[in-house]
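Participant: any chance you could fold what I've pasted below:
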Amino acid sequence: MINFLERYKILFSILFYLAFGNKFLASIAGLDEFSAFILKFISSVFSFGFWLIVLLDMILNKLRDKTFWILSMFFIAFMAPVVYLFRRQKTLREPARYSI
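Facilitator: Residues are numbered from 1 along each chain as shown. Modelled structure (predicted):
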C-alpha cells in the first residue's frame, strides 16, 4: 500500500490536504448539515487512514532519524506524512522489508 501511495504521492498529497480542509470545503460548497457531516466523516477517515499507513511504515522499516519522523507524525501531523512520502527513499537505511 505504501508503494502505491509513494507512486502517486502528488495525488495523495493533494487529497490529504483537501481532506484536512474539509470544513472549508463544506462551507464553500454550501452544503446542508447532513451533507457536511458526511463529507467531514469521509475526509476524516481518509486522513486518518493515510496517516496510519505512513506511521506503520515508519515503525516497521529501518529509517534514519526514526525518532524524529515518528515524533513529527504526532506534533506536525498535517505536514509530516506528505513530507515523508517525498523523502521516504532517502530516509530508508536499507531496502524496505515491509510494505503495508
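Participant: what residues does stretch 70-84 touch?
Facilitator: Applying C-beta atoms under 8 Å, 6 or more residues apart in numbering, the set of residues contacting stretch 70-84 from outside is 9, 13, 16-17, 20, 50-51, 54-55, 58-59, 69, 91. (C-beta placed from N, C-alpha, C; glycine too.)
Participant: and F12, how many neighbours?
Facilitator: Applying the criterion other C-beta atoms under 10 Å, we find 20 residues in the vicinity of F12.
Participant: F74 now?
Facilitator: For F74, the tally of surrounding residues (other C-beta under 10 Å) stands at 10.
Participant: phi, psi for it please.
Facilitator: Per-residue torsions, F74: phi -90, psi -40 (degrees, to the nearest 10).
Participant: could we number from 44 for the rest of this?
Facilitator: Done: numbering now begins at 44, and the last item shifts to F117.
Participant: give me the pLDDT for it.
Facilitator: F117 is assigned a predicted lDDT (pLDDT) of 95.
Participant: from Y127, how far out is it?
Facilitator: Separation of F117 from Y127 (C-beta to C-beta, to the nearest Å) stands at 13 Å.
Participant: may I see the buried residues of the worst-scoring helix or strand of the chain on mean pLDDT?
Facilitator: Lowest by mean pLDDT, DSSP states H and E among the helices and strands of the chain is helix 65-72, with a mean of 82. The neighbour-count criterion (16 or more other C-beta atoms under 10 Å) identifies 65, 68-69 as the buried residues of helix 65-72.
Participant: format those as CSV; extra columns: distance to F77.
Facilitator: Output for the buried residues of helix 65-72, formatted as CSV (distance: C-beta to C-beta, whole Å):
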residue, distance to F77
N65, 14
L68, 15
A69, 11
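Participant: relative to V88, which of those is nearest.
Facilitator: Nearest to V88, judged by C-beta to C-beta, of those is N65 at 10.8 Å.
Participant: circling back to that earlier point, save the contacts of stretch 113-127 as TSV, and put in secondary structure too.
Facilitator: Converted to TSV, those look like this (DSSP: H, G, I helix; E, B strand; the rest coil):
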residue	secondary structure
K52	helix
S56	helix
F59	helix
Y60	helix
F63	helix
F93	helix
W94	helix
V97	helix
L98	helix
M101	helix
I102	helix
W112	helix
T134	helix
